[in-house]
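**Student:** The sequence and its predicted three-dimensional model are supplied below.
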Amino acid sequence: MTTPIKIAQAADYVGHEITLNGWVQKRIDKGKLQFISLRDGSGTMQCVVFKKNLPEEQFEVARHTTLESAVRITGALRAEPRAPGGYELDVAAFEEISRADDPYPLAAKRDGGEHGSDFLLNHRHLWLRDPRQAAILRIRATLENTIRRWLDDHGFVLVDSPIITPAAAEGTSNLFATKYFDEPAYLAQTGQLYSEATIAAFGRVYCFGPTFRAEKSDTRRHAMEFWMVEPEMAFTELDENMEVIEQFVSHCVQTVLRERAAELAVLGRDVSLLETAVAPFPRIHYDDAVKLLQANGYPDFPWGEDFGAPHEDAISAQFGKPVFVHHYPRGVKAFYMQPDPERPDTVLACDLIAPEGYGEIVGGSQRMHDYETLANAIDAHKLPREAYEWYLDLRKYGAQPHSGFGMGLERVVMWICGLSHIREALPWPRLYRRFYP
RNA sequence: UCCUGCGUAGCUCAAUCGGCAGAGCAACCGGCUGUUAACCGGUUGGUUCCUAGUUCGAGUCUAGGCGCAGGAGCCA
């Protein structure tokens, strides 16, 4: 045995004897010849086991090894055009480190069809080994890294916001309740209000972490625990907010396209549908969005209502790239959004709707910065004033027009990967009535 | 919470009018020195989601429950 290497480094070892540690992903038994596909996390290697090339008892172990057994294989590496990936290991020694029970629960495929989603989710701890799932999670990791790099490079400071919070931004019915010793507490559904405080220290900040919503939303677009990145910018109004959003989103998508082409190919994603996601994005006023809906299948859609999933799809279908809808009616948006002084029935808000029916991926707005306006809004929404004292306090000490937005990580992963359900966009999805394993 | 559909082998699904419980895949045994959705032969594998009812007889029909899926609603 030699020092183990990673499969991804194989090209540097052609002609040498190497050792690989990994898991048996596939085995084909041809009698005196065994093909074993070994997965080690960095790649897969076809290993060829000829009966005459290793001790009899090791050949028998190899011939009867089970799917997903952890094994150590030593042999000579050579280029082989017949092998997937172009390299192949001629096995000289085979050691079973841990034999996997059989049958492996996720082994059945091919003519029998795929597994159902219920079965797969109950075996999420094993399903994650699937090359398709691994590709999605690599794309997710690259996206998270790209998000941080872009914001860090554009003057944003990462300021982590708390997960345990004393009060709700929007009442408590859709929050997960817990205890902070003897006091009631809630899991955060946003870090935005805290970021509004720290912009006075840094000018531009962002938080990026898990958020929690106890909504009984049983749809393919909703998870109870999901990750959101929320940038916030001082001295920034709605138009500049949209400019930042479109630059940010374009960069994220194009970077993942460039850095994760292999994974997107594994997923069979049509990347031409993503290459068009380059700034600027079209912007339509809510008034015009309503007219657009009325002319495209929803003649009775009334001004003043929020869009449901079918309406978002109808709007995005008119554009080949993400589209902004801005100036929503005041009644459908959050209490802290700044009304448009020229159209007080609307707020300075913008949603970014992804193409292909992936729905809202970004929600942003300019925030109220006037003390009286905000205090009245809190009262009008019947929110407990005492819970927002610190938030109102910000309007006493150097208030200024400021804006920010939140981007749902999983929605973007779904869009980039072309997923039909959010359950594949998280490693451990927490869905309505499902949080195992 | 509502609407629709589904629940049969480890997995994906069949089972005609209410009449012997089936297939493919997986697993196991055997064969094969170029497979990569291998192939060929054989074997194993069942609380038909649960409870009650109708019937000579229920996977199939009825009622209730449980679970899952898709859609809607909810949703910064």
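**Tutor:** Received it, and whenever you're ready, just let me know what you need.

**Student:** Where does residue A:287 fall, secondary structure wise?
**Tutor:** Secondary structure assigned from DSSP states H and E places residue A:287 in helix A:286-295.

**Student:** tell me the contacts of the residue lying closest to residue A:385 once chain neighbours are set aside?
**Tutor:** Nearest-residue entry for residue A:385: residue A:378, 5.9 Å, with adjacent residues in sequence omitted and distances by C-beta to C-beta, 6 or more residues apart in numbering. In short, each C-beta sits where N, CA and C put it, glycine included. Applying C-beta atoms under 8 Å, 6 or more residues apart in numbering, one finds that residue A:378 lies in contact with A:335, A:385, A:388, A:392.

**Student:** With residue A:302 instead?
**Tutor:** residue A:290.

**Student:** now residue A:232
**Tutor:** So residue A:232 contacts A:192, A:195-196, A:198-199, A:204-206, A:402-404 (C-beta under 8 Å, 6+ apart).

**Student:** what pairs with the residue nearest to residue A:36 when sequence neighbours are not counted across the strands?
**Tutor:** Closest residue to residue A:36 apart from its sequence neighbours, by C-beta to C-beta, 6+ apart: residue A:47 at 4.5 Å. Beta-bridge partners of residue A:47, counted by DSSP bridges, are residue A:36, residue A:89.

**Student:** Okay, strands next: where are they in the stretch 1-150 of chain A?
**Tutor:** A:17-29, A:33-39, A:44-50, A:70-79, A:87-98 (DSSP state E, counting those that start in this stretch).

**Student:** Highest mean neighbour count out of those strands?
**Tutor:** strand A:44-50 (a mean of 21; mean count of other C-beta atoms under 10 Å).

**Student:** host element of the residue nearest to residue A:385?
**Tutor:** helix A:371-380.

**Student:** Tabulate the CA atom coordinates of that helix in PDB.
**Tutor:** This file holds the C-alpha atoms of helix A:371-380, laid out as PDB (Å, rounded to 0.1, in the frame of the first residue of the first chain):
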ATOM      1  CA  TYR A 371     -39.800  58.300  13.400                       C
ATOM      2  CA  GLU A 372     -43.500  59.400  13.300                       C
ATOM      3  CA  THR A 373     -44.200  57.500  10.000                       C
ATOM      4  CA  LEU A 374     -42.800  54.300  11.400                       C
ATOM      5  CA  ALA A 375     -44.400  54.700  14.800                       C
ATOM      6  CA  ASN A 376     -47.800  55.100  13.200                       C
ATOM      7  CA  ALA A 377     -47.200  52.100  11.000                       C
ATOM      8  CA  ILE A 378     -46.400  49.900  14.000                       C
ATOM      9  CA  ASP A 379     -49.600  51.100  15.700                       C
ATOM     10  CA  ALA A 380     -51.600  50.600  12.500                       C
END
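
**Student:** Centre of the chain to the next helix or strand after that helix, how far?
**Tutor:** Counting by DSSP H and E, the next helix or strand C-terminal to helix A:371-380 is helix A:389-393. Averaging C-alpha positions (C-alpha atoms, centre = their mean, to the nearest Å) puts helix A:389-393 32 Å from its chain's average.

**Student:** Against RNA strand B, which of the contacts of residue A:232 make the cut? List them.
**Tutor:** residue A:192 (C-beta under 7 Å from any atom of the strand).

**Student:** per-residue confidence for the residue in the stretch 251-400 of chain A that RNA strand B sits nearest to?
**Tutor:** Nearest to RNA strand B in the stretch 251-400 of chain A, going by C-beta to the nearest atom of the strand, is residue A:308, at a distance of 2.8 Å. Looking at residue A:308, its pLDDT stands at 88.

**Student:** Among the contacts of residue A:232, which one lies nearest to RNA strand B?
**Tutor:** Distances from RNA strand B to the contacts of residue A:232, taken by C-beta to the nearest atom of the strand, are shortest for residue A:192, at 4.8 Å.
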